[in-house]
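**Student:** Sequence first, predicted coordinates after that:
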Amino acid sequence: MQSTEQELRAFVRSNFLYGQDDGDLGVDDSFLDRGIIDSTGVLELVAFLEEHYEIKIDDEDVVPGNLDSIGNILRFLEKKAPMCKGR
Amino acid sequence: MLVQEFLEQSAQRFPEKTALVHGDHRLSYLTLDELSNRLAHGLAALGVRRGDRVAVCLDNSVEAVIAIFGILKAGAVFMMINPTTKAEKLTFILNNSRARSAVLHARKTAELGAEWRPAAFLESVIVVGALKGGRSCIIPRRVEWLDVLPQHSGAVQPLPKTCIDADLAALIYTSGSTGSPKGVMMTHLNIVSAATSITTYLENRSDDIILNVLPLSFDYGLYQVIMGFKVGGTVVLERSFVYPREVIDRLVQEKVTGFPIVPTISAILLQMDLSRYDFSSLRYITNTAAALPPHHIPKLRKLFPQTQIYSMYGLTECKRVSYLPPDQIDVRPTSVGKAIPNEEVYIVDEQGHRVGPREVGELVVRGSNVMRGYWELPEETDRVLKPGPLPGEKVLYTGDLFWTDEEGFLYFVGRKDDIIKTRGEKVSPKEVENVLYALDEVVEAAVVGVPDDVLGQAIKAVIKVREGDSITQADVLRHCAKHLEDFMVPKIIEFADALPKTQTGKINKRILGGVAG
């Protein structure tokens, strides 16, 4: 069973990297800095997180601190849905 | 009047006033002017001379703004390049313009790679920032921004002015119908004229606080800085609208008075819950680059009841053409208004004769804001800059089809050629097709623009794959993203066994859903 990080990487790989290897995407690399996310990308990411982890993401939560890197998303998920931890 | 004098004069009048806000950085006019002077010296020391071209390929940032004015103060010509531009196109532009120097972010140098060999005329590559973990990318002729412009450096005397307003201030590269980008030549006079005209109809004053989320590589974004400094206002710079909540927080916090947008931003705003914000400081919103969907307008009015909305139209070749006075937006929401101050427009038929109301024809623009021409492309230039009423003068044939109503208000119909306008940027189908043909599996490719509510037009690619080969949409997208700026990547990818042809054997784009404009 995949860990949360692996699930997130799979999503980023297929939606933002068009299937390219995410090997050099560090856990704290900013999506914005890497130029791999745009405004529609953010909306897709939010939809994915809400559906897959069964959480509700408020407008206020849509900020780089919560979403702009694999690490940020993992920390955000821990706050929103602690059961994800270790999945 | 030279463009950098906007900054210099505001620094005289309002030395301590905040000129630029970006993230945690707040720079006064005096500081910004001094830093630009410093950079000008640094560039001169690197061999940059009057008339030399210097490229700037950075995200919206303090460094980008300093670069613009530093380059101008060195008597040189700045070229803002979209930071998502990939290595091949960046190299093309540097070679085409015979750039003397370039200012890049460390991340871009990593993309270019250690094997990158710039042309001989590029004497220096000024690198801003660093890669994570302190790694460095070896690039020929590399110098660090912090060496060219040391921190905590004091004031220096400005370099002597060598330019006159007939000299070039900027080269703005735009997508070309032949597939190669073209450099639009803008003189100091062109830019000063356009900025004066626009700040006049927007009624900009020194108490304006302008929020710019648009790329500085886009003339719409670039001019927010130029015009903001002209009137001695404050420019609040953001990198993008990717995280809208943060931008809106900033808008309210800084009590922004002016917010230039494009329809993509409008669409996002209308999806947000903004009920708890107080937008009373927002004096105006402008829209250009693509038409504001008429159904957005009443919703925007409700969201920002005290805000004037300016619907405008323009093209890189003359910066701006028209604006609709805000009191007309409810009366004729689909019009883009009338000519900006100090400019004349008229509509001509195929023979070049002026037409009357309700007749569709090509829009022609006359005025000091019209470009000097396309850099080193005399034939392309002659196709759009044609003789005007006075001997020796040239007027701009926009390639856009328009009609006017009986009161002289302009209505956009579409493009004469097949250039796609998406997210407000011009995209040549050929440029995208060339990239698609680089894939071995692609036998035939056709790129067209299809109507899109928010983007204006969306880019659609129809591809015929070689017999026996298979390729997925993701493969195509990945390939495109690697070679094209983000706004040029097709939104729709279709595979077909055969592409429809015309009688002469050319691909019939009309059938593929391609509508001119």
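**Tutor:** In hand now; what should we look at? Residues are numbered from 1 along each chain as shown, chains lettered A, B, ... in the order given.
**Student:** Can I take it that B:Val125 is in a helix?
**Tutor:** No. Counting by DSSP: H, G, I helix; E, B strand; the rest coil, B:Val125 is located in no helix; its state is strand.
**Student:** Hmm, B:Pro118 and it touching each other?
**Tutor:** Yes. Using Cβ atoms under 8 Å, B:Val125 is in contact with B:Pro118, at 7.1 Å. (Glycine included, C-beta is placed from N, CA and C.)
**Student:** quick one: common contacting residues for these two?
**Tutor:** B:140-141 (Cβ atoms under 8 Å, 6 or more residues apart in numbering or on different chains).
**Student:** Neighbour count: those two, which is higher?
**Tutor:** Legend: neighbour count by other Cβ atoms under 10 Å in any protein chain shown for B:Val125 and B:Pro118, higher for B:Val125 (22 against 19).
**Student:** Whichever residue of chain A sits closest to chain B: what's it in contact with?
**Tutor:** Ranked by Cβ to the nearest Cβ, the top residue of chain A for proximity to chain B is A:Tyr18, at 3.4 Å. Contact partners of A:Tyr18, counting by Cβ under 8 Å, 6+ apart, are B:474-475, B:477-478, B:481.
**Student:** Now it: closest residue in space that isn't a chain neighbour?
**Tutor:** Excluding its sequence neighbours, the residue lying closest to A:Tyr18 (Cβ to Cβ, 6 or more residues apart in numbering or on different chains) is B:Arg478, at 3.4 Å.
**Student:** one step back: ok, of the contacts of A:Tyr18, which one's closest to chain A?
**Tutor:** Looking across those and measuring by Cβ to the nearest Cβ, the closest to chain A is B:Arg478, at 3.4 Å.
**Student:** Any idea how many residues pack against that closest one?
**Tutor:** With other Cβ under 10 Å as criterion, B:Arg478 counts 15.
**Student:** can you pull the contacts of it?
**Tutor:** B:Arg478 touches A:17-20, counting by Cβ under 8 Å, 6+ apart.
**Student:** try B:Ala290
**Tutor:** So B:Ala290 contacts B:262-263, B:421-424, B:455-457 (Cβ under 8 Å, 6+ apart).
**Student:** thinking again about what came up before, how far away is the residue nearest to A:Tyr18 from B:Arg100?
**Tutor:** 35 Å (Cβ to Cβ, to the nearest Å).
**Student:** before we move on, what about B:Ile81?
**Tutor:** For B:Ile81 relative to B:Arg100 (Cβ to Cβ), the value is 15 Å.
**Student:** Which one's more surrounded, those two?
**Tutor:** Neighbour totals were compared for B:Ile81 and B:Arg100, and B:Ile81 leads with 27 against 23 (other Cβ under 10 Å).
**Student:** low pLDDT regions in chain A?
**Tutor:** Under the criterion pLDDT under 70, the flagged ranges of chain A are A:83-87.
**Student:** and the strand or helix carrying B:Phe69, what's its mean pLDDT?
**Tutor:** If you go by DSSP states H and E, B:Phe69 is part of helix B:62-73. On average, the pLDDT along helix B:62-73 is 98.
**Student:** now for it, which elements pack on it?
**Tutor:** Secondary-structure packing of helix B:62-73 (3 or more Cβ pairs under 8 Å, 6 or more residues apart in numbering or on different chains; DSSP states H and E): helix B:4-13, strand B:18-22, helix B:29-45, strand B:53-57, strand B:77-80, helix B:219-231, strand B:234-237.
**Student:** 7 Å - rerun?
**Tutor:** helix B:4-13, strand B:18-22, helix B:29-45, strand B:53-57, strand B:77-80 (3 or more Cβ pairs under 7 Å, 6 or more residues apart in numbering or on different chains; DSSP states H and E).
**Student:** Quick check: residues of the stretch 351-500 of chain B near chain A?
**Tutor:** B:474, B:477-478, B:481, B:486 (Cβ under 7 Å from any Cβ of the partner chain).
**Student:** Quickly note the distance from B:Tyr310 to chain A.
**Tutor:** With distances taken as Cβ to the nearest Cβ, to the nearest Å, B:Tyr310 is found 23 Å from chain A.
**Student:** which residues pair with that residue across the strands?
**Tutor:** B:Thr286 (DSSP bridges).
**Student:** Now do residue 69: how many residues are near it, please.
**Tutor:** In the absence of a named chain, chain A is used. Neighbours of A:Ser69 (other Cβ under 10 Å): 23.
**Student:** ah, no, chain B please
**Tutor:** With other Cβ under 10 Å as criterion, B:Phe69 counts 25.
**Student:** didn't it look like it was pressed against B:Leu7?
**Tutor:** Yes. With contact defined as Cβ atoms under 7 Å, B:Phe69 reaches B:Leu7; the gap is 5.3 Å.
**Student:** so what sits against both of these two?
**Tutor:** When Cβ atoms under 7 Å, 6 or more residues apart in numbering or on different chains defines a contact, the residues bordering B:Phe69 and B:Leu7 alike are B:Ser36.
**Student:** Give the phi and psi angles for the closest residue to chain A within the stretch 1-150 of chain B, as a check.
**Tutor:** Nearest to chain A in the stretch 1-150 of chain B, going by Cβ to the nearest Cβ, is B:Thr84, at a distance of 5.5 Å. B:Thr84 adopts backbone torsions of phi -90, psi 0, taken as degrees, to the nearest 10.
**Student:** what pLDDT does it get?
**Tutor:** 88.
**Student:** so who does it touch?
**Tutor:** B:Thr84 neighbours (Cβ under 7 Å, 6+ apart): A:35, B:485-486.
**Student:** Surely B:Ser512 is in contact with B:Ala445?
**Tutor:** Careful, residue B:512 is Leu and not Ser. No. If you go by Cβ under 7 Å, B:Leu512 and B:Ala445 don't touch, sitting 10.8 Å apart.
**Student:** Work out the gap between the longest helix along chain A and the centre of the chain.
**Tutor:** For chain A, the longest helix by residue count, based on DSSP state H, is helix A:39-53. Taking Cα atoms, centre = their mean, to the nearest Å, the mean C-alpha location of helix A:39-53 is offset from the chain mean by 8 Å.
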